[in-house]
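> Could you work out the structure for the sequence below:
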Amino acid sequence: MSGKIIGIFIMLSAVIGGIALYYLQVYGFYETVQAEEVQLVSVVTDLPEPIPFTNFEAIDADSSPIRYRACFTTELSLALLTETYVGLEDATPRNAPGWFDCFDAPAIAAELDAGTALPFLAQKNIEFGVDRIVAITQDGRGYVWHELNDCGEKAYDGTIVGEECPRRDTE
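You can find the predicted model right below:
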């Protein structure tokens, strides 16, 4: 009889632990971000500059520097954007939680592959080894996410970080 009780206790603990882990991973750590500036790096100054935007939605989590996702719309054309701001050769959006409806990483990636959306650098080293990337579609929908840059990939995979990387704050 006591073996059944112990078995039931272990099963209930596993189920409760699984539910808690799922909740924390998908919902628990994320917070809504209030509207902030959407910026792109200028080809002239090599510094981030704000662009006009509306309909801003964003989420972030303190648990990881690459959990930031945002969506917005802009009136700027892709032609103007490519002449004014630093474009990227390749960018792959990271998946967002399913409940964050405006950010569909596979659909954004398909638009990038088709050329109906273009990726831009928004800010280099927003945190050590992490860049902010913005993709904007032909119809003005914009998406923002964070991506590891070369320094970040080296730092997190154990490769020696060279002098070309900025100093890392160790607070």
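> For this structure, which strand extends over the most residues?
As assigned by DSSP state E, the longest strand anywhere in the chain is strand 117-127.
> other SSEs contacting it?
Secondary-structure packing of strand 117-127 (3 or more CB pairs under 8 Å, 6 or more residues apart in numbering; DSSP states H and E): strand 38-41, helix 78-84, helix 105-114, strand 130-137, strand 141-148. All C-beta atoms are positioned from the backbone trio N, CA, C, and that covers glycine.
> Tell me which of those sits nearest to E57.
Among these, strand 141-148 comes nearest to E57, with 10.2 Å by CB to CB.
> just to revisit the earlier point, who's in contact with the longest strand of the chain?
Strand 117-127 is contacted from outside by 38-41, 48, 65, 78, 81-82, 85-88, 90-91, 108, 111-112, 131-138, 141, 143-144, 146, 149, 151, 166, using CB atoms under 8 Å, 6 or more residues apart in numbering.
> re earlier: between the helices and strands packed on strand 117-127, which gets nearest to I8?
Closest approach to I8 among the helices and strands packed on strand 117-127 is made by helix 105-114 (40.2 Å; CB to CB).
> Give me the distance between L40 and P48.
Counting by CB to CB, to the nearest Å, the gap from L40 to P48 is 7 Å.
> So for the two, which sits in the more crowded spot?
Using other CB atoms under 10 Å as the criterion, L40 and P48 rank with L40 on top: 24 against 20.
> how about the CA coordinates for stretch 116-125, as CSV?
Extracted in CSV, the C-alpha atoms of stretch 116-125 (Å, rounded to 0.1, in the frame of the first residue of the first chain):
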residue,chain,number,x,y,z
THR,A,116,10.1,40.7,-49.8
ALA,A,117,11.7,41.7,-46.4
LEU,A,118,15.2,43.0,-45.8
PRO,A,119,17.3,42.7,-42.6
PHE,A,120,19.1,45.7,-41.0
LEU,A,121,21.4,46.3,-38.1
ALA,A,122,19.7,48.2,-35.3
GLN,A,123,22.4,48.2,-32.7
LYS,A,124,25.7,46.4,-32.3
ASN,A,125,26.5,44.9,-28.9
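> avg pLDDT for it?
In this model, stretch 116-125 has a mean pLDDT of 94.
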